[in-house]
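>>> sequence-free structure coming up:
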Ligand code: PMP
């Protein structure tokens with residue numbers, strides 16, 4: 001297959017697989033093919049390897065009392081957290097709260113539950129896109145069973161005040177806090193232990209597509225979403241996929257230990273990009289200051305998002321319009337909500353950076369945006 005050489009600036013959509021992660025996957029696929037649920041000694045070896053990987057994942061994330069429930073990715077983890085919890089607690093309450101910047105795999109679950117008779121509130125946000133904590137406190141009720149707020153909004157990069165949100169939610173004994181941390185983990189240092197249910201995905205952290213996880217505080221019970229035979233957990237059935245599990249552990253190991261160094265690199269690139277874009281007339285950075293440096297949402301008012309994406313693509317530069325999962329729609333609702341500007345919402349593109357991004361790539365991007373804006 002042909003290798004594509006482009007300036008890839010869409011790391012929030014997905015990341016290239018790290019070679020050492022891939023090697024863990026390949027080697028363990030060759031070496032350990034037996035089913036860990038079998039009784040013979042070879043199966044026990046595989047089961048022990050899975051248990052060890054789970055321990056290390058908990059340790060990388062500083063979550064000693066959360067269970068690792070392996071899923072096919074963040075979409076499934078979000079479905080399990082939201083529907084699994086809502087169904088489990090339906091006799092306690094049916095009130096749910098989310099933020100307006102959630103991924104489609106969260107909003108779709110909330111929409112589905114609304115049709116099943118659950119009541120959904122969307123918390124207000126401040127001008128910088130962060131959750132209005134006073135509004136959250138005023139929405140909370142004794143029958144609130146779930147608050148789902150992502151750590152980092154995928155399209156704009158806003159970092160939410162997770163610890164303050166957790167503190168408010170936990171004043172209500174029936175309420176559980178779920179956070180989709182897919183865009184946060186491995187990028188910025190966040191304390192996770194206050195979150196009851198945490199979603200993550202391997203392919204956003206240089207891992208392999210097809211595995212993610214829901215980290216579940218052990219006291220939080222969920223209804224099963226995938227029924228069947230034995231797995232690593234009672235909550236999600238299916239033969240445990242050792243190579244994928246080991247590869248997820250490896251990806252988390254690397255991304256968490258390299259985080260401080262990678263963060264500084266990306267922050268520098270972000271500054272270089274912001275400086276470059278500031279000199280372009282009609283160009284606006286939509287991502288507020290409380291965004292992670294990895295995501296910069298940008299509008300050049302005279303150019304529609306799809307036209308900008310195509311121009312850049314024709315010049316060998318890959319960025320995204322809205323999130324990869326929602327492309328095709330015309331206006332970015334997230335950007336519109338944040339900026340209240342129809343023009344910005346129709347012209348916004350997301351540039352997402354990585355520790356693998358170079359200064360030369362940033363300069364090429366700025367040059368191309370300048371040329372198309374002239
Ligand atoms: N949540 C967020 C915040 C995301 O950015 C994504 C990927 N676009 C997902 C969930 C879905 O992830 P996956 O592809 O692993 O299902």
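Perfect, thanks for sending it. This one's a predicted model, so the numbers in the text were calculated from it and none came from an experiment. Numbering: from 1, shown residues only.
>>> tell me where the protein has strands.
7-8, 66-71, 95-98, 119-122, 144-148, 176-180, 197-201, 212-217, 283-285, 295-300, 317-318, 348-352 (DSSP state E).
>>> for these, give me JSON lines that also has mean pLDDT and distance to residue 22.
Heads up, the C-betas are built off the backbone N, CA and C, glycines and all. Shown next, in JSON lines, are the strands of the chain (pLDDT from 0 to 100; distance: least, C-beta to C-beta, whole Å):
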{"stretch": "strand 7-8", "mean pLDDT": "98", "distance to residue 22": "17"}
{"stretch": "strand 66-71", "mean pLDDT": "98", "distance to residue 22": "18"}
{"stretch": "strand 95-98", "mean pLDDT": "98", "distance to residue 22": "35"}
{"stretch": "strand 119-122", "mean pLDDT": "98", "distance to residue 22": "40"}
{"stretch": "strand 144-148", "mean pLDDT": "98", "distance to residue 22": "32"}
{"stretch": "strand 176-180", "mean pLDDT": "98", "distance to residue 22": "26"}
{"stretch": "strand 197-201", "mean pLDDT": "98", "distance to residue 22": "17"}
{"stretch": "strand 212-217", "mean pLDDT": "98", "distance to residue 22": "17"}
{"stretch": "strand 283-285", "mean pLDDT": "97", "distance to residue 22": "35"}
{"stretch": "strand 295-300", "mean pLDDT": "98", "distance to residue 22": "25"}
{"stretch": "strand 317-318", "mean pLDDT": "97", "distance to residue 22": "21"}
{"stretch": "strand 348-352", "mean pLDDT": "97", "distance to residue 22": "22"}
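>>> kindly reformat those as a markdown table containing mean neighbour count and distance to the ligand.
Listed next are the strands of the chain as a markdown table, based on neighbours: other C-beta atoms under 10 Å; distance: least, C-beta to the nearest ligand atom, whole Å:
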| stretch | mean neighbour count | distance to the ligand |
| --- | --- | --- |
| strand 7-8 | 19 | 16 |
| strand 66-71 | 24 | 8 |
| strand 95-98 | 24 | 13 |
| strand 119-122 | 16 | 17 |
| strand 144-148 | 25 | 11 |
| strand 176-180 | 27 | 5 |
| strand 197-201 | 29 | 3 |
| strand 212-217 | 25 | 5 |
| strand 283-285 | 19 | 20 |
| strand 295-300 | 25 | 10 |
| strand 317-318 | 19 | 15 |
| strand 348-352 | 28 | 10 |
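>>> so residue 359 makes contact with residue 271?
No. The criterion here is C-beta atoms under 8 Å, and residue 359 misses it with residue 271 at 10.7 Å.
>>> closest one to residue 265 among the strands of the chain?
Of all these, it is strand 348-352 that lies closest to residue 265, at 14.2 Å by C-beta to C-beta.
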